[in-house]
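J.: Sequence plus the predicted model coming up.
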Amino acid sequence: MSPRSVKDLLQRIALSATVGLMAGAAAAVFLYTLDRATRLREAYPQLIWFLPVAGLVLGIFYHLYGRSVEKGTGLILEQIHDPQHIIPLRMAPMILLGTILTHLFGGSAGREGTAVQMGSSLADQLSRLFPVSKEDRKILLIAGAGAGFSAAIGAPWAGALFGLEVIQVGRLRLFALWECLVASFVAYYFCRWLGAPHSIFPSVTEVSYSAMSFAWVLVAGMCFGLAANIFMRFTHLVESMQKRFVKNPVWRPFFGGMVLVLLFWWQGSDRYAGLGIPVIQEAFHQSLSWFDPILKTLFTGLTIGSGFKGGEFIPLVFVGTSLGSALAAVLPLGIPLLAALGFAAVFGAAANTPIACAVMACELFGWQIAPYALLACWSAYFMTGHLGIYKNQKIVRSKKDQLLRVFKR
């Protein structure tokens, strides 16, 4: 290796580590703040009644200051595919404040999408400080997205793969693997070192293998894919209806908040508000109602589709774990295993990232479930067609062609 090549490699590693430090620090601040907001909402449940007002404030906030970054993760993918303009630094604080506001007043949203946007937007600022090529800038954006995911959920291997897999459907390119690994692991350990609060989920210890078990996992994966499909279609429907009937985007979160408040009053609890981590943890220990995934889809679709901030990861995890827990009543696989598979497969199908999510399941629940996790994530992935929660994902090979290639082998 020539001295120039060594210098380029060391520079890339240094930049990737810097991306990891920034993403880890941002995720730690975000997780601390989100934890405080959630505790405050739980202590004062009447805050939910002010969700429409919070939505109006959020709509005005983004209309005045955030129109250049309102595409969110879509803007990041857009710049990865065709680097033109550096992502404004304001994306990080705006998505942070928007997500906290959504959760404080009971909106049903996630958190990892926020961490991804913060990681990539901060990483892109390095392009202002160092002379980097378009290809290197792509790598910084990808590494930042993976580092944010890694730090927020606590799964560094999955974070590195997520950054690479999310950019396009049908092909996983490993051209930035080393940079993504460095950024992802640095972000994960730095976030942990800062003491950020992470959700704890139980390991799946009792796992046995048989031909019938694989068949049932295949059936479960198809159910998870169907759930992801319904979730995305409903969220897109809410978004399109809002655009059709509410021409001014400032008022969309307000009207969405009004409908959500009525639903909270009708449902009679805050079970489907915020992240819903207690329900996700409950799903590993007992069979939940079929209404849980249905109602979480309803509440989250209205929240995200109306313009509230926060992302879809944890709500999709809620849908997946509660559906897996409910499926345990009819599929002989056990509640913990089905909940763990649903945790990964529903989001993997919606984000078109089955490999990263299978690895995530192994990191969180134990590598002994790897064969089942891969099967569940892939079968769910093929059930969603080319729908996805992330706009501007590039489709390089159709899922039909991917499936035909598998059978030809």
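T.: It's in. Numbering: from 1, shown residues only.

J.: Could you measure from Glu179 over to Ile395?
T.: 24 Å (Cβ to Cβ, to the nearest Å). Heads up, the C-betas are built off the backbone N, CA and C, glycines and all.

J.: can you check Ser108 too?
T.: 29 Å.

J.: returning to what we had before: which of Glu179 and Ile395 has more neighbours?
T.: With neighbours defined as other Cβ atoms under 10 Å, Glu179 and Ile395 compare such that Glu179 has more, 26 against 13.

J.: my read: the more buried one touches Gly144, true?
T.: No - when contacts are counted by Cβ atoms under 8 Å, Glu179 is not listed as touching Gly144 (10.1 Å).

J.: for the protein, what spans make up the strands?
T.: With DSSP state E, the ranges of strands along the chain come out as 168-169, 394-395.

J.: Looking at these, which is nearest to Val116?
T.: strand 168-169 (15.9 Å; Cβ to Cβ).

J.: Domain map for the chain?
T.: 7-193, 211-408 (automatic domain parsing).

J.: Redo these as CSV? Include mean pLDDT and distance to Ile200.
T.: Formatted as CSV, these follow (pLDDT from 0 to 100; distance: least, Cβ to Cβ, whole Å):
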stretch, mean pLDDT, distance to Ile200
domain 7-193, 91, 9
domain 211-408, 92, 8
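
J.: Mind checking these for the one nearest to Phe201?
T.: domain 211-408 (5.7 Å).

J.: how far away is Ala147 from Leu288?
T.: From Ala147 to Leu288 the distance is 33 Å (Cβ to Cβ).

J.: Excluding chain neighbours, what is closest to the residue most central in space within the chain?
T.: Note on the chain: the residue nearest the mean C-alpha position is Phe313, at 3.2 Å, using Cα atoms, centre = their mean. Leaving aside its sequence neighbours, Phe313 sits nearest to Glu112 (Cβ to Cβ, 6 or more residues apart in numbering; 3.8 Å).

J.: which residues sit in contact with that neighbour?
T.: Contact analysis of Glu112 by Cβ atoms under 8 Å, 6 or more residues apart in numbering lists Gly148, Phe149, Ala152, Ile153, Gly311, Phe313, Ile314.

J.: From Ala123, how far off is it?
T.: Distance from Glu112 to Ala123, by Cβ to Cβ: 16 Å.

J.: now the lengthiest helix in the chain: how far from the chain's centre is it?
T.: Longest helix in the chain, counting residues (DSSP state H): helix 3-43. Remark: helix 3-43 is offset 16 Å from the chain centroid, using Cα atoms, centre = their mean, to the nearest Å.

J.: For that helix, name the packing helices and strands.
T.: helix 91-104, helix 112-124, helix 126-129, helix 134-153, helix 177-193 (3 or more Cβ pairs under 8 Å, 6 or more residues apart in numbering; DSSP states H and E).

J.: same thing but at 6 Å, please
T.: Judged by 3 or more Cβ pairs under 6 Å, 6 or more residues apart in numbering; DSSP states H and E, helix 3-43 is in contact with helix 91-104, helix 112-124, helix 134-153, helix 177-193.

J.: quick one: the shortest one to helix 177-193, angle?
T.: If I follow you right, that is helix 112-124. 120 degrees (axes from the mean of the first three to the mean of the last three Cα atoms, to 10 degrees).

J.: on that earlier part again, how far away is the residue nearest to Phe313 from Gly159?
T.: With Cβ to Cβ as the criterion, Glu112 and Gly159 are 10 Å apart.

J.: so what sits against both of the two?
T.: Common contact partners of Glu112 and Gly159 (Cβ atoms under 6 Å, 6 or more residues apart in numbering): Phe149.

J.: What lies in contact with stretch 19-35?
T.: 96, 100, 111, 115, 118-119, 122-123, 143-144, 147-148, 151-152, 183, 186-187, 190-191, 194, 196-197.

J.: Using PDB, write down the CA coordinates of it.
T.: This file holds the C-alpha atoms of stretch 19-35, laid out as PDB (Å, rounded to 0.1, in the frame of the first residue of the first chain):
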ATOM      1  CA  VAL A  19     -18.900  11.000  12.800                       C
ATOM      2  CA  GLY A  20     -19.400   8.300  15.500                       C
ATOM      3  CA  LEU A  21     -18.500  10.700  18.300                       C
ATOM      4  CA  MET A  22     -21.000  13.400  17.000                       C
ATOM      5  CA  ALA A  23     -23.800  10.800  16.400                       C
ATOM      6  CA  GLY A  24     -23.200   9.200  19.800                       C
ATOM      7  CA  ALA A  25     -23.200  12.500  21.700                       C
ATOM      8  CA  ALA A  26     -26.300  13.700  19.800                       C
ATOM      9  CA  ALA A  27     -28.100  10.400  20.500                       C
ATOM     10  CA  ALA A  28     -27.200  10.600  24.200                       C
ATOM     11  CA  VAL A  29     -28.600  14.200  24.500                       C
ATOM     12  CA  PHE A  30     -31.700  13.100  22.600                       C
ATOM     13  CA  LEU A  31     -32.300   9.900  24.700                       C
ATOM     14  CA  TYR A  32     -31.900  11.800  28.000                       C
ATOM     15  CA  THR A  33     -34.300  14.600  26.800                       C
ATOM     16  CA  LEU A  34     -36.800  12.100  25.500                       C
ATOM     17  CA  ASP A  35     -36.700  10.100  28.700                       C
END
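
J.: how about that stretch: buried residues?
T.: Across stretch 19-35, burial judged by 16 or more other Cβ atoms under 10 Å covers 19-31, 33-35.

J.: Check the burial of Trp8 by counting its neighbours.
T.: No, residue 8 isn't Trp; it's Asp. Neighbour count of Asp8, defined by other Cβ under 10 Å: 13.

J.: Looking at the strands of the chain, which is nearest to Ile355?
T.: Using Cβ to Cβ, the strands of the chain put strand 168-169 closest to Ile355, at 12.0 Å.

J.: hang on, the earlier thing: and the domains of the chain as a markdown table, adding distance to Phe201?
T.: Listed next are these as a markdown table, based on distance: least, Cβ to Cβ, whole Å:
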| stretch | distance to Phe201 |
| --- | --- |
| domain 7-193 | 10 |
| domain 211-408 | 6 |
